[in-house]
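*Asks:* got a sequence here, can you build the structure:
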Amino acid sequence: MTPRPPTYSTARLDSLVCPVLVDSGELHSRLPARLSLPRLPDVPDGCHPVVVEIWHVQDGLIEFGGQTAHQWWEMTGGAAGLAFGGSTGATLGAGIGSAVGAAGAQRGAEVAADAGYRASVNSSRIIGTYNEIMVTVPCQLAQEEEVLDVAFVLGTYTDSAASTLGECLIGWGYGKSLALGRRVTDDVLEVNTGSSGQSFKVVSRLAPPAGSFSALRLAAAQTVRTLSLPLLGVLPVNRLMISFLDRFFEDQAVRVTPVSVRLESSHLVLDGMRAVSSDIEAIGDGAPWGAFAINALPVRLSYPRSLA
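*Replies:* Residues are numbered from 1 along each chain as shown. Got it, this is the predicted structure:
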């Protein structure tokens, strides 16, 4: 059993999930040596899914020692408030000074804690909302005593400098780089991923739900399982890093919508792999690896841990 690292951050995602079926032989030849491609249900022979996710990340919060940034601001603000209120009361002299000092300390703590919390919330709205594309492939990792099902991160693109800096400082191995995107129309998104001209183009169209919400969730079960796998990244010198992106699909606010997608990519992150042009059906009974949009999904990202 793989030990879970502590939590790094939490957020909510609006995501477009696009499973793309590619040539399994070509894909396998470009993966790290310890990874293999398992046979998956409803995938044609000679193919394997690569999952392209386009995220709008909202309300991102970093945790320190089990506390969110909001809670740390509240705690430190409260401590400052205690000092301010106590010292103010003490200057009023003996007798009523001690009582006013106690009341002042309490009131100072409350005011400063509230101000700290509000400052943190306002700050998170600036640094905690951004856009990102993550490309993963469901794999099996051979270890000495077990074979571990993982989602290997082929690459990640973001418009957030803070997110890229976090990758550099923490080291998940997601291959994160800056990208610029523009929405041409309501259903067309173009993303330039660098000076080399590499790009994504996504054309999405809503599809009518094929049945109830529970039936839709059942149709997406295989993709949801893939999205729930531990994430495997790689740092220089082929150092493998494992992390966990917990997705709370059962949250009452979560909404899933079938979407048909046309995905065009000048590359598929791995050097040497051919360009992709794929029409992806909307998720449904006849398309278990179809595309869908998911909104207001709570997520929790762990710190990475190095694998031997």
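*Asks:* okay, stretch 291-300 in CSV with CA atoms only?
*Replies:* Below are the C-alpha coordinates for stretch 291-300, written out as CSV (Å, rounded to 0.1, in the frame of the first residue of the first chain):
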residue,chain,number,x,y,z
ALA,A,291,-16.0,13.5,-23.4
PHE,A,292,-17.9,15.4,-20.7
ALA,A,293,-17.8,18.6,-18.7
ILE,A,294,-17.7,18.5,-14.9
ASN,A,295,-18.4,21.6,-12.8
ALA,A,296,-17.8,22.6,-9.2
LEU,A,297,-15.7,19.6,-8.5
PRO,A,298,-13.9,19.8,-5.1
VAL,A,299,-10.3,18.5,-5.3
ARG,A,300,-7.4,18.0,-2.9
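*Asks:* ranges for the strands of the stretch 201-308 of the chain?
*Replies:* Using DSSP state E, counting those that start in this stretch, the strands assigned to the stretch 201-308 of the chain run over residues 231-235, 239-243, 245-247, 255-265, 276-280, 292-302, 305-306.
*Asks:* for the second one, which positions count as buried?
*Replies:* Okay, so that is strand 239-243. Going by neighbour count (16 or more other C-beta atoms under 10 Å), the buried part of strand 239-243 is 240-243. From N, CA and C alone the C-beta is placed, and that goes for glycine too.
*Asks:* equivalent analysis for the fourth one, please.
*Replies:* Within strand 255-265, the residues that count as buried by 16+ other C-beta under 10 Å are 256-263, 265.
*Asks:* what does the first one give?
*Replies:* Residues of strand 231-235 classed as buried by neighbour count (16+ other C-beta under 10 Å): 231-234.
*Asks:* a strand runs through residue 27, doesn't it?
*Replies:* No: applying DSSP: H, G, I helix; E, B strand; the rest coil, one finds residue 27 to be helix, outside a strand.
*Asks:* and the gap between the residue nearest to it when sequence neighbours are not counted and residue 34?
*Replies:* Distances taken as C-beta to C-beta, 6 or more residues apart in numbering place residue 48 nearest to residue 27, at 5.6 Å, with adjacent residues excluded. Using C-beta to C-beta, to the nearest Å, one gets 17 Å for the distance from residue 48 to residue 34.
*Asks:* burial count for residue 130?
*Replies:* When neighbours are counted by other C-beta atoms under 10 Å, residue 130 registers 17.
*Asks:* okay, it: pLDDT?
*Replies:* On pLDDT, residue 130 comes in at 88.
*Asks:* cool, and residue 198?
*Replies:* 63.
*Asks:* one more: the one 3 residues further on?
*Replies:* Confidence per residue is given as pLDDT, and for residue 201 that number is 82.
*Asks:* and if you look at the one 10 residues further on?
*Replies:* The confidence metric pLDDT takes the value 54 at residue 211.
*Asks:* sorry, back to before: okay, and the residue nearest to residue 27 sits in which element?
*Replies:* strand 47-64 (DSSP states H and E).
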